[in-house]
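>>> no sequence for this one, just the structure:
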DNA sequence: GCTATGATTTATTAAATAAATTAACATTGA
DNA sequence: TCAATGTTAATTTATTTAATAAATCATAGC
């Protein structure tokens, strides 16, 4: 309840500027007249605000639109190449680094595999080399770097920009924001992977025109995000979404959290590997996926089993949140139909009918790139919020 | 994404008016100068807005405060007796009707028992007679009725003001808002019981100074509400919070929803009755409660068992939402310590430690009156939103 | 009397709306 | 074919709203 922002002229302008940027992002190229109509603003106000945005290089005038019996509309769009963003995804099996433009289009990217033993210092070195190579390979980026967006799995402290705990590598309390800001001399922003995914869907994917939706990221863990009016719901200590540790059984395999019955142990990629192992397949998740594609019955059974539980977990989300949309993301979900379809079917079975039938369940639109694009949005969000 | 409200002078004023009313509600009696300081508004703005509110009879000048070396501050407070509100709670075992003032203080109330066979028409008759008696008994209310707030269990359509489905009575699609508006010729507002409870806590209880909190109402069913910046999160079709039908087991007793494993079947008052029956006690929940107070071991065991599962369910909420506060309400929670304490203990056991330790779990402050007070807030909210 | 605090008044300012104006077209009819 | 007319888009100018800033009035303590 601190930081009270009362109504003021600045707030008024900020609201309208935000709305105008949003509509240009979502529906651009678009004319000033149409902006005015859809936002219930006067043409004069739109002219004034767009003039400032053009001045600040955020948007540009592009082509002329079709006339419908009068002057041709001048279409406005985001100035995609005014600045560039470096985006980093620290996943459990690799670090992906990319350069994106202002529309979060990926210009170039590098993926480096990691091992569970990879230290934080090694990871920083990987990032440094990747970014330097990307900048060298893309001349036009030089001197036009707007900022760095970082998405990491595990627990992060968004405000302080620290990785609190990274389960796959065992890193604790790493001040990655400061490290990268010093390295590249631009502002950096950190959030957890599932929230980056949610942001990407909210800005560019299925969540574009939806007030409220749920994102679920299934990897070795299972995390969720709730996006409400383009805002992430964060909880009290930034810990919203530890869905993988909610219980769907009174016993079960021991979870990393020390308890039993966690969703994570029944339905994650880790669970797929366990089920496969029980059936005699000693392989990682991607290998099980390959086998399932080749018709290996044991692999299919393992994946189906995990997807059944995942569906039950999704049903729980539907019953709690009554969402209009659930977006699923993660390596296996992205590419394996047994897993995705199985989960959807199972969700139908366990959710309340009235709530299930109004809820769309989709894959993340940009699939493997969703998180990297979302990390870029972390930077854009900050820019657009502070105009 | 319709109904876009751009920044405008009206919005600016509405924001500030809302902030000022809120602060007078929360911290009143309070002087204009202090309002200005806490809200970062200029004294002149506060003078202007408070003048209008005084003019509209929403607030009044009360006593003079202590001087700290200058002119004595004129304290402002809500005009508690300017209007009155009728509040109705349709619970599973009775209908409670009350008259409240503008501070949601209950002036008078009537409770009428119901049976599962009670028809909607009978219920409306009960309400009619109760309200008429309340008005007769409280002369000053005459002609000063602001509106009617209705809280009902089951599924409601807030926008249309309809009871969609009332599981305990079997009512379907009853247009209670229209019925009551015609009967008393004032506006009526409907919401589900747990949201009324959440509103009450948000305005007058533990949620007063908290940005975000969870409310859980345990009766024959289990519902939750998420309050975010004084706003209820409603989901897509107003169905947020069907927590009682989330699964915590792969089997279990058949639930009213047609599935097995629902929280409701393990931890609600209905579950307490079932566990008691299994131990040879054939009694309703309140009777089991009485027995437990008299030291009946079987009753205590039954309650403890339900509370253990309830705690697991609460742990799931903690893991998902990372709340700062969870408010528990419902007949048995209100009065039975085995149930409440057992649930808190069990939540500690099953929740992630980092998230549990920042979360307070409390009983609803106004206990049995929480819902009736919250129903009044439905009316107040509408008034304060439309000044 | 002086100084500090609370509340109000008056003047100013920011940023919206309203209305008029300019720009650039399409349509129509002689 | 092209001038007249009507439309739509964008901008300019005047006005309005509701904020802030600064001065003033009202009380108080010392």
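Arrived safely, thanks for sending. Since the structure is predicted, the reported quantities are computational estimates derived from the model, not experimental observations.
>>> Hmm, residue A:315 and residue A:343 touching each other?
No. In this structure residue A:343 lies outside contact range of residue A:315 using Cβ atoms under 8 Å: 9.7 Å. All C-beta atoms are positioned from the backbone trio N, CA, C, and that covers glycine.
>>> ok, residue A:270 to DNA strand D distance?
Taking Cβ to the nearest atom of the strand, to the nearest Å as the measure, residue A:270 falls 53 Å from DNA strand D.
>>> Could you check which helix or strand contains that residue?
Following DSSP states H and E, one finds residue A:270 within helix A:269-278.
>>> So what touches that helix?
A:218-221, A:253, A:264-265, A:282-285, A:288, A:298-299, A:301-303, A:305-306, A:309, A:330-332, A:339 (Cβ atoms under 8 Å, 6 or more residues apart in numbering or on different chains).
>>> Show only the entries of those found in helices.
Among the contacts of helix A:269-278, the members found in helices (DSSP state H) are A:264-265, A:285, A:288, A:298-299, A:301-303, A:305-306, A:309, A:331-332, A:339.
>>> Of those, which pair is most distant in space?
Across the ones in helices among the contacts of helix A:269-278, no pair lies farther apart than A:264 and A:298, at 22.1 Å, counting by Cβ to Cβ.
>>> quick one: which of these two has more around it?
Counted by other Cβ atoms under 10 Å in any protein chain shown, residue A:264 and residue A:298 do not tie: residue A:264 has more neighbours, with 26 against 16.
>>> now the more buried one, nearest residue through space, not along the chain?
Residue nearest to residue A:264 in three dimensions, not counting chain neighbours: residue A:244, with 3.6 Å by Cβ to Cβ, 6 or more residues apart in numbering or on different chains.
>>> Test my guess that the one you found contacts residue A:268.
Yes. Counting by Cβ under 8 Å, residue A:244 does reach residue A:268; the two are 6.6 Å apart.
>>> on that earlier part again, return the set of buried residues in the helix holding residue A:270.
A:269-276 (16 or more other Cβ atoms under 10 Å in any protein chain shown).
>>> what residues go with each domain of chain A?
According to automatic domain parsing, chain A comprises the domains A:9-78, A:84-197+A:370-385, A:208-363.
>>> Quick one: end-to-end distance for stretch A:88-99.
9 Å (Cα to Cα, to the nearest Å).
>>> which ones are touching the residue of the stretch 101-250 of chain A found nearest chain B?
As assessed by Cβ to the nearest Cβ, chain B sits closest to residue A:235 within the stretch 101-250 of chain A, at 2.8 Å. Residues counted as contacts of residue A:235 (Cβ under 8 Å, 6+ apart) are A:241, B:212, B:321-323, B:355.
>>> Show the pLDDT at the nearest residue to residue A:301 once chain neighbours are set aside.
In space, and not counting its chain neighbours, residue A:301 is closest to residue A:279: 6.4 Å by Cβ to Cβ, 6+ apart. pLDDT, residue A:279: 96.
>>> which element is the spatially most central residue of chain A on?
For chain A, residue A:197 is the residue whose C-alpha lies nearest the centre (Cα atoms, centre = their mean; 1.4 Å). Secondary structure from DSSP H and E places residue A:197 in helix A:193-204.
>>> Now do that helix: which elements does it pack against?
strand A:145-152, strand A:212-218, strand A:222-228, strand A:231-232, strand A:325-329, helix A:370-385 (3 or more Cβ pairs under 8 Å, 6 or more residues apart in numbering or on different chains; DSSP states H and E).
>>> State the mean pLDDT of the first one.
This means strand A:145-152. For strand A:145-152, mean pLDDT rounds to 97.
>>> Distance from the chain centre to the following helix or strand past that strand, please.
On the C-terminal side of strand A:145-152, the nearest following helix or strand under DSSP H and E is strand A:155-157. Relative to its chain's centre, strand A:155-157 lies at 15 Å (Cα atoms, centre = their mean, to the nearest Å).
>>> Can you name the residues in contact with strand A:155-157?
A:162-166, A:190-192, A:238-239, B:354.
>>> quick check, nearest of the residues you listed to residue B:75?
Closest to residue B:75, out of all of the contacts of strand A:155-157 and judged by Cβ to Cβ, is residue A:238, at 38.5 Å.
>>> show me the contacts for that closest one.
Neighbouring residues of residue A:238 by Cβ under 8 Å, 6+ apart: A:156-159, B:322.
>>> Ok, residue A:84 next?
A:99-102, A:107, A:138, A:140-141, A:144-146.
>>> Which of those residues sits closest to DNA strand C?
Comparing the contacts of residue A:84 against DNA strand C with Cβ to the nearest atom of the strand places residue A:102 closest, at 22.8 Å.
>>> what's the helix or strand for the residue of chain A found nearest DNA strand D?
Minimum separation of chain A from DNA strand D (Cβ to the nearest atom of the strand) falls at residue A:70, amounting to 2.3 Å. Using DSSP H and E, residue A:70 sits in no helix or strand.
>>> Would you mind stating the distance between it and residue A:39?
According to Cβ to Cβ, to the nearest Å, residue A:70 and residue A:39 sit 21 Å apart.
>>> got the end-to-end distance for stretch A:356-372?
30 Å.
>>> Contact partners for the closest residue to residue A:205 other than its chain neighbours?
Of all residues not flanking residue A:205 in the chain, residue A:365 sits nearest, at 3.6 Å (Cβ to Cβ, 6+ apart). Applying Cβ under 8 Å, 6+ apart, we find residue A:365 in contact with A:201, A:204-206.
>>> what residues does the stretch 1-150 of chain A put near DNA strand D?
Residues of the stretch 1-150 of chain A found near DNA strand D (Cβ under 7 Å from any atom of the strand) are A:6-9, A:31-34, A:43-44, A:47-48, A:50-51, A:68-74.
>>> Now intersect those residues with the strands, please.
Per DSSP state E, strands hold the following members of those: A:31, A:74.
>>> circling back: can you put the buried residues of helix A:269-278 in CSV and add pLDDT?
Formatted as CSV, the buried residues of helix A:269-278 follow (pLDDT from 0 to 100):
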residue, pLDDT
A:269, 96
A:270, 94
A:271, 97
A:272, 97
A:273, 96
A:274, 97
A:275, 97
A:276, 97
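>>> Which one of those is nearest to DNA strand C?
Distances from DNA strand C to the buried residues of helix A:269-278, taken by Cβ to the nearest atom of the strand, are shortest for residue A:269, at 48.2 Å.
>>> Just give the closest residue to that closest one, not the sequence neighbours.
residue A:285 (4.2 Å).
>>> need the contact list for the residue of chain A closest to DNA strand D.
Contacts of residue A:70 by Cβ under 8 Å, 6+ apart: none found.
>>> so how far is residue B:178 from it?
In terms of Cβ to Cβ, residue A:70 sits 47 Å off from residue B:178.
>>> taking the contacts of residue A:365 as a set, which two sit the farthest apart in space?
Most distant of the contacts of residue A:365, by Cβ to Cβ, are A:204 and A:206, 9.3 Å apart.
>>> So for the two, which residue has more residues nearby?
The neighbour comparison of residue A:204 against residue A:206 (other Cβ under 10 Å) goes to residue A:204, with 22 against 18.
>>> In this structure that one contacts residue A:104, no?
Yes. Taking contacts as Cβ under 8 Å, residue A:204 lies within contact range of residue A:104: 6.2 Å.
>>> Get me the contact residues on the stretch 101-250 of chain A for chain B.
Residues of the stretch 101-250 of chain A lying close to chain B (Cβ under 8 Å from any Cβ of the partner chain) are A:155, A:209-212, A:224, A:228, A:233-243, A:245-250.
>>> Keep these, but drop any that are not near DNA strand C.
Within these, nothing lies near DNA strand C by Cβ under 7 Å from any atom of the strand.
>>> List the contacts of stretch A:243-260.
So stretch A:243-260 is contacted by A:167, A:216, A:221-224, A:261-266, A:268, A:274, A:309, A:312-313, A:316-317, B:247-250, B:261, B:312, B:315-316, B:319-320, B:350, B:352 (Cβ under 8 Å, 6+ apart).
>>> Good, we can wrap up now.
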